[in-house]
Structures are given as C-alpha cells and as structure tokens.
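# My questions are about this predicted structure, shown below with the sequence.
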Amino acid sequence: MEMLIPIIVTLVGAATPILIAALGELVAEKSGVLNLGVEGMMLVGAIAGFVAQFYTGNPYLALLCGAFAGAAVSLIFAFLTLSLSANQTATGLALTIFGTGLSALAGAPYSAKPIALMAPLFPDMLARDPFWRVLFGYSFPVYFSFFMVAAIWWFLKRTRTGLILRAVGENDHSAHSIGYSVVGVRYAAVVFGGAMAGIAGACFPLLLTPQWAESMTAGRGWIAVALVVFASWRPLRLLAGAYLFGLVMTMELYAKAGGGVLAIIPSELWAALPYLATIAVLVLISLRRDASTNAPACLGKPFMPAN
Amino acid sequence: MTLSRRDILKIGGAAAALPLLGGTAFAQEKLKVGFIYVGTINDNGYNYGHNQGRIFLQDALGDAVETTYVENVPEGPDCERVLRELAQQGNKLIFATSFGFGDAVIKVAAEFPDVKFEHATGYMKADNVGLYNARFYEGRAVCGTIAGHLSKTGKAAYIGSFPIPEVVMGINALALSGRRINPAFTVKPVYISTWNDPAKEGDAARALIDQGVDIIAQHTDGPAALQVAQERGIVGGFGQGADMSAFAPEAQLTAIIDHWGPHYVNSAKAVIAGTWTAGDTWEGLKEEVVQMGAYNKKIPADVVADAEKIRTGQIDGSFKIFTGPIKDNTGAERVAAGVAMTDAELLSMDWYVEGVGQPV
Amino acid sequence: MQFRLEKRAEPSRFMLYATPVGAVILTMIVGAIIFSLIGYDGIGAVREVFLTPLTNAYKWQDLGIKAAPLIIIGTGLSIAYRANVWNIGAEGQFVVGALAGTWVALATYTMSGPWILPLMILAGVVGGALYAAIPALLKTRLNVNEILTSLMLTYASIQLIYYLIRTVWKDPMGIGFPQTRRFAASAQLPTVIPHTIVHLGVPIAIVVALVAWFIMSRSVFGYRMRVVGAAPHAARYGGFSENKTIWLAMLVSGGLAGLAGVLEVAGPFQRMVPGFATGYGFTAIIVAFLGRLNPLGVIFAGIVLAITFVGGEVAQTTIKLPDAATGIFQAMVLFFLLAGDILVRYRIRRVVTTPAGAA
C-alpha cells in the first residue's frame, strides 16, 4: 500500500497528457475525421505552453496558449482535408512533420531555460499529505482531463449538438441533406481536437519536466491516436485505456528501479511493450462482436456534397 | 556572470594565438574547421558541450579560424555525406563528435588525405584520423565521493540510455568512490533505451526516488532527472555534460562539465602550424577537458574538501579510481590489489563493480 | 465576383502532373518569404536547399544513394495506397528486412562467395514481407486498422535492433559498443560507378520503379489493385477479393521496404548500428504521395526529397539554417501538393454576380 500511492501518482502524470490528446482526437474522429497529426499538434502546444509560462509564469495562460497553438495548426489540416478534401492520412502525417519542425525552430532559443512547474490545485495540507495526495496532489490538467471525459461523454450522448456531430460522422450525406453543415461541424471538431492536443502538449513542460526539449512528446501523440481505436470511440473506455497505458509505461520504471520478478524483462522489450500492448488490445477489441460497428462510418473519408 | 576560469582560458588562448597570426596569417587563408553533431546543439548536454567547444575555439583564435557545424547528423551514410560536404567546402580540420561516426570518418578520410579528421570516443585511427576522448569517469569519482558522504539511504541510481562502455565506466566510478566512503553504498543502474525522452527520464527518476534512492546520476542528454530530484527534495544529483544548476539549484550537487574547447584550440593551432599528427588523446580533469561545476552551498565543508582531494588527486596522478582490489558484482575479483586498470581495459569495460545492481 | 468549384467529368491529366511541380515551386516561393520574415536568409535557404544539390555535380552521387531507398519503399507504398491499404509502418519493415539480411551476413561471416549477397537480399525481402504480414493478417482476419498496427510494429522493430546488437550480435572487437561486426566482403553491396559511392541499390531502385510501373499499368494485377482502391464495391462485384488485395498490397509494400532495408545495411552501412532507422520509411510516404502513387512519379519525388535532405545540410553549413527547416520545407511540399489535389478533380469557375451586389 505504501508503495502503491507513489506509483499511482507517477502513473497519473504519465496518463494525463495522453488522455487529453486522445479525447480531442475522439471528438474529431466521431465527426468522421481521422487526424494523424496529433504528435505534431502536441509539440506545437508544448513549445507555446513553455514560452507562455517562461514569460508570464501563469500556467493557466500557458495551457491556453498551448490550446490556441494546437488549434491554429489544426486549421491547416482542417482547411486541406475539409475545404479541399485532401487525403486525411497524408495530411495528418504532413502535420506531424510540420509541427515537429516548427516547434524545434521556435524552441531553439529556449533550450537552456527552466520554468516553474504548475502547482497542485489543492492547498498543500491536502496536496502534500502522504496519503491524500493520491487524490488531491495533482495540478489542474489532471482534474480537467477527468472533467472532460464526463463532459464529452455527456456531450456526445445527451446533447443535440453531440447528436449532430455523430450523425455527421456516421452518415455525412444524410446529415447534409437534412440541412446540417457537414464541413462546419467537422471544422469545429478538428479545431477542438487541435486545442486538446495543444493542452496535452503543454502538459509536458508544465507537469512533467519543466524544460523545452526537441520532440519532447516522444511518440505519445501516436499512442493517443491508437487509444481512440482501443477505446472503440467511447470516452469512458478511453479513460481506462489511458491509465492502462500509463501503467505499462510506469511499471517498466518501477520494475527496473525495484527489481523483483518483472525486472528480468529486457529493457528493449519494456520499451516496445506499450506498442505491442496496443496491438494486443486492438486484437482483443476486434474479437468482440460489436467492434466493427462502433467506428464512425465516414471515418477518414472526404465529404464533397454533390452540387 | 563573473569572470570564470573559462573566460580566463579564453583570453589566454587568444593571446597565445597572436604570435601565430603575426607569422603566418598573411600568407595563409583562414583555417576552416568543421564540426558534426549527432543531436541538436540545444540538448543542454553532450552536443551542447561540443558546440560550446566550437564557440570557444572561434573566440580563442578569432580571425585565424572559421568554424561551421551540422547538427542532428544521423550515424551512418548521412554522416558520410556531411563529412564529404564539409571536406569539399574547404574545411581542413573536421571534428566528428560521436562514436557512431567512426566508419564514415575512416571512409571519407581516405578520400581526402589533406584534410585532418578527429573522431571523439572512437577507436579506429588512420594517418589523417586522430582520436580524442574525455575521462568523464574522473568526474564521476568526484561525484561518488560526495554521494557516499551525503546519501542517507546509501542508495544511489544512475539513469543511462544504453549500456555503452562510457556509461558502464561512469556507473562503476560512482560506485567505487561512493563505497570508499560508505561501504554499504549501492548504485542502481536503469537503462531507458532512448537518448531523448525527458518525460520517461523524469518518470524513471520518480520511480527510483520512490524506492528510497536519494542520489540520482544520469547519463542522458538533458536535465529531466535532476529536475525531479529538485521537485522531490532528495539529497540531489549531478549535472551531466553542462552545468544544470539553472534547472535544479538545490538538487545539483556539482556537475561534470564537458570542456572540449582547449582540445579544439590545440588541434587547430597544430594544423595551422603544420605540426598536426593523428593523436590518440584521452584527457580528463588535468587537461581541463573535464571540469567540475561549482559545489552546491549545502554540501558541508569537510565533504567538499574530500571531493577536492579526489579531484586534485586525479589531476596530479596520485589517485586513480580504477585501482585494485576491485571485485565485480558477482563477488569475483577482477583487479588485483594495487594494480591500476589500463586504458584499453577501461575502454571496453562491460562488467559492473561490487555494489552495482545488475541491469537486464 | 465569386469562385466556385465544379467537378470535372474526368480527372485532369494535366493537373495530375502539374500539381507536384507546382507544389515544389510554391514551397520555394512561400518558404523564401517565411524564412525571410523570421530572420533567416530566405532566398539563400531556398537556393541552398533546392538548387545547390542539383547544380553541384559532386552532390549527384549523394542524391542517388539518398533517393534509392526512398524510391524503393515509395514504389511499394504507392501500390498499397492505390489499393486503399494504409501501410504506414514501412519503417519497421525496412528495419526487419535489414535485420534479416544482417542475420545472413553474420551467419556467413567466415564464408565467401557470390551467393551470399543474393541470399541476403532474399532474406531482406522475405523479412520485410513477413513483418508486413502481421498487419495484413490482423486486418483480413479481425479487421484491425492497419495504420495503427503497422505503426506500432515500427516502434517495436527499433527496439529489436537495440536488443540484438546489444546481446547476440554484438561486435566482439567493438570495445563494448552495441553494434554488429563489419560485414565480410562478400556481404557488402558493390559500387557500380568507379570512384563514386553509388552502389548497386541505385540501379535496383530504378529497375524496381520501372517494373512496378509496367505491372501497375499493364497487368491484371495492377488493374485489380487500382479497381479495389478506386471502387471496392465494383471490385467485389467483379470477383476481386478484397482480402486478397490487402494481402498482396501489404506483402508487396513490406517486401520492397525490406529490400530497401537490406540494400541500405549491405551498402552504405555494412554493419547494423543503433542509428540504422533514420526515417526512410516515413519520408517514403511523402514520396509516394508526391509521386502521385505512380512508380514513375515516385522516382521524381524520391529525388526531390533527397534534394531537400542533402540541401538542408548544405544550408546548415553555408547560411546557418537550422536543421528543423528541412522538415518544414518537406511538410510544405506535401501541404501544397495535397491542396493542389482538388484541381485534379475540380475546376475553378468564376461566377459573375450582379453589379448591384458589388456596389
């Protein structure tokens, strides 16, 4: 039990950015758009968040700047795929390459500069308590991620706008014919996804390591994309999935640090494990009968109304 | 910043270059010097250190040299191309600063016999390919002394990327010197299979601290582990490659600073004077290629004195950390009492000394 | 006055070929402006990145060996993408192909003979194809998204390199560094032009692209791939099995990526090192698109991307342009190309509104 609390605390830190980015991607995919540029948007969000924190010291502003930056680059993707109906796979990959380059260029002057970590949301009495920190020891984005899981679940399930969004993702032509703007809805969903990826990126310098390093998200954007499929497009499962992944990543380090049975697994296998686990889970999910029916029917397909 | 040893060296270097300028500068063109780095110059670590060396060279020799660098050069054919490019652009002295550039250096050097190459941390020489390396482990011995004194739990950790000899030497030097002070001192090595994933480094540090480790050394390019040490308020850690006190003012006990500048100045001067030969240097604290950062104010004076003794002992040659008796971590004696390990033995070290946990 | 998009009855062949060229030119213009605005020598950047590698004859050999793997992988990917099979894990198949070739090279280390190299190449192709068979199997049997599985396997393959060269394949003479020994002479790819570094992989790349072009445009196999990609329902009606096509697409693209991998390890590297995977498999995705999923176009696109890599390094040394600029240029080429795609299928019509609206 004594060991469990620190593991949970580290695990929450590892899972939060992945969860936030994946929630954004889930909304975009629900509207029928597959954006593979999450990694690039996260990096742009990370550098924007870092710079804002560096100059203002206000982490909320930094998160906001990360969101804006992520949303801004997602507009490139939205314009190409939605207004010009370009191939979504290729555009997403280009966005990742672009975001990686842009963030490296913008971040070059900031490499040797530290910033302050975001402080826990709750007063020290709770946040620093050896036991209660497991619930209250985190800063804002952690609670934000939980809130967003609930909010997105509610939005998709219970609101009219959510219904429209799902309709656009399931059958764009009928949604269009009853008068909804397919392209408009998708723009909104993509930009929301970009903003969430930007916040997720900003979590890296604000929550995990208060510095800027090139490509500091180190492939977690891809895990976020995989998680959405893993969760079969359900927000609550996304929450479970993100924590399962966080656990795999965290267990590696605790096993190596602590020794024991798990420590006999070679380092390289540990490093590959999150990716192999993704495949394993995708397989397990697909064995379920309802698996294929849950993917948005129009996912990845461009929409062009026949005028 | 106040005037540091580095600045004084800089001025000294410039003054030393003056007579050369008077003698040959008019007859000769500027010496063009090229550098290739495996990572970004903004890594705050290894590549940053080499680039600082380049800047040092440029400042020291001023108009006599013109330096160029290429960053993020992958090891392999890409490196070969960049080396050729630099040679073709008229660089007469080229520093290849990563182990993995070795094959390419040998290949390209054969095509450009009038260009001098120097390869850092490698082992393949040629008429126009010299080798240079730094005894980082000497710095680790100083760190280990501090760690042995200050660690309350007697448990230190060492976060590395891959188990290459340089990292193994560093782990062993830390353990040997720590155990001189505290025989129960142990070092836990953790390899994370990546050079650049600060979040993973940070999480590794968190996991280690949760297991009772209160000293963290890291051998990756960046300050992530030190930042966690700072955040958690453990005894501390050590900067690697560069002074990282800006990132962890409380936690950085001292730093091992790569200071390639003087070596670069010497090589460039030798090329200008026409006296360059393919050398094989492995320099350390004595030559100031490895420097120690300032000791943290929280370290008691007697500990600083002990650490200084190790530092100066390695400078005057009276102390060698890899001197027997040394047992490995299975208990077998590897080095007999009073025998010092040779450079060749050190450079291929692939076993861990007593007190080091065996990584998988 | 307003513009309106109008669907063409048939895709414009002119636009199909003009847009990639336009994308490159537009990237040069916009790139020059953007890099000037942020304080670099923008015109110099474009000159060094896009033109110097072409005008300096000494650089051509570099372009050749950089473009060869891009062309081989890009050809395979263009065939797969034509069939709507989204293999984005070519990097992993490239790595596994190279590892398979390395295995042969190390197993035959003490032997010699002209049969070793062909055997390595065969092993590379088979290795790449087998690694691609995993996503193919999962896709056809369980309908698991191949984009994700192929990508995840890429990350795993890189760890496989690390593991093998750290343990069983470690060079006994390498002073403890994790890399294999240098291949014996019979396991090294020969150069084809004396006094250059142009190795056998370069002509192989051209041949692969030409053969692929011929097959895709002239054979039943090519027809079937194109039909399945363009109109899956019609294809099913015509008796083409979708699963068979997925298998073919994955095996061909994986096999070619594996071929590129073994050529790369036997040619320029001549041993397996930790830094072997430098992203050819990912860049080849851009190459496939820039080449319009046509093997002949892939040759052109492979050379363009090779130019940006080689030129990016030139620009670092001559005008101190940071390395990150190369990625930005590459992404811009792809953005403009994808934006231009619409001109292939649509034409822009000017719609004249009434003067009253304008006043």
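The structure has been received and is ready for your questions. Residues are numbered from 1 along each chain as shown, chains lettered A, B, ... in the order given.

# Domain map for chain B?
B:5-135+B:258-283, B:136-257+B:290-347 (automatic domain parsing).

# In terms of mean pLDDT, which of those ranks lowest?
Note on the domains of chain B: domain B:5-135+B:258-283 shows the lowest mean pLDDT, a mean of 85.

# That one and chain A, any residue contact?
Yes. Domain B:5-135+B:258-283 reaches chain A (Cβ under 8 Å from any Cβ of the partner chain) through B:T40, B:N42, B:D43, B:N44, B:Y48. The way it works is simple: take the backbone N, C-alpha and C, and place the C-beta from them, glycine included.

# want to throw those residues into TSV with neighbour count?
Output for those, formatted as TSV (neighbours: other Cβ atoms under 10 Å in any protein chain shown):
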residue	neighbour count
B:T40	24
B:N42	23
B:D43	25
B:N44	28
B:Y48	22
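
# Kindly present the domains of chain B as a markdown table, with separate columns for distance to C:G258.
Shown next, in a markdown table, are these (distance: least, Cβ to Cβ, whole Å):
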| stretch | distance to C:G258 |
| --- | --- |
| domain B:5-135+B:258-283 | 18 |
| domain B:136-257+B:290-347 | 24 |
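
# Which of the ones you listed sits closest to C:Q316?
domain B:5-135+B:258-283 (4.8 Å; Cβ to Cβ).

# Could you double-check that A:G66 lies in contact with A:A46?
Yes. A:G66 is within contact range of A:A46, at 7.0 Å (criterion: Cβ atoms under 8 Å).

# any common contacting residues for these two?
A:G201, A:A202 (Cβ atoms under 8 Å, 6 or more residues apart in numbering or on different chains).

# Looking at these two, which has the bigger crowd around it?
Set side by side, A:G66 and A:A46 show more neighbours around A:G66, with 35 against 31, by other Cβ atoms under 10 Å in any protein chain shown.

# Without its sequence neighbours, what residue ends up closest to the more buried one?
Counting by Cβ to Cβ, 6 or more residues apart in numbering or on different chains, A:A202 is the residue found nearest to A:G66 once chain neighbours are left out, at 2.9 Å.

# Now do the residue of the stretch 1-150 of chain B found nearest chain C against C:V49, distance only.
Using Cβ to the nearest Cβ, the closest approach of the stretch 1-150 of chain B to chain C is made by B:P77 at 3.3 Å. As judged by Cβ to Cβ, to the nearest Å, B:P77 and C:V49 stand 19 Å apart.

# how about the helices in chain B?
B:5-24, B:46-61, B:77-88, B:102-111, B:136-150, B:165-181, B:198-210, B:224-232, B:261-273, B:301-316, B:343-347 (DSSP state H).

# do the fourth one and chain C meet?
Yes. Helix B:102-111 lies within reach of chain C by Cβ under 8 Å from any Cβ, at B:D103.

# For chain B, tell me whether stretch A:191-198 is touching it.
No. If you take Cβ under 8 Å from any Cβ as the test, stretch A:191-198 misses chain B, and the best it gets is 15.7 Å.

# low-confidence ranges in the chain?
All of this is about chain A. A:1-2, A:289-293, A:305-307 (pLDDT under 70).

# Chain C is the one I meant
Confidence mapping of chain C against pLDDT under 70 gives the ranges C:1-2, C:232-239, C:352-359.

# Nearest to the spatial middle of it, which residue is it?
In chain C, the residue lying closest to the centroid (Cα atoms, centre = their mean) is C:A284, at 1.7 Å.

# Run through who's touching the helix or strand hosting it.
Remark: C:A284 resides in helix C:280-290, with elements defined by DSSP states H and E. Outside helix C:280-290, the residues within contact range by Cβ under 8 Å, 6+ apart are A:87, A:90, A:93-94, A:97, C:20, C:23, C:69-71, C:73-75, C:77-78, C:81, C:88-95, C:154, C:257, C:260, C:264, C:297-298, C:300-302, C:304-305, C:330, C:333-334, C:337-338.

# okay, the angle between the following helix or strand past it and helix B:77-88?
Sequence-wise, the next helix or strand downstream of helix C:280-290 (DSSP H and E) is helix C:295-319. Per axes from the mean of the first three to the mean of the last three Cα atoms, to 10 degrees, the angle that helix C:295-319 makes with helix B:77-88 is 50 degrees.

# contacting residues for A:A218?
B:T194, B:N196, B:D197, B:P198, B:A199, B:K200.

# name the helices or strands packed onto the helix or strand harbouring A:L102?
Taking DSSP H and E as the criterion, A:L102 maps to helix A:88-107. Other elements packing on helix A:88-107 under the criterion 3 or more Cβ pairs under 8 Å, 6 or more residues apart in numbering or on different chains; DSSP states H and E are helix A:38-56, helix A:59-78, helix C:280-290, helix C:324-345.

# OK, now which residue of the stretch 151-300 of chain C is nearest to chain B?
Going by Cβ to the nearest Cβ, chain B is nearest to C:P268 of the stretch 151-300 of chain C, at 3.3 Å.
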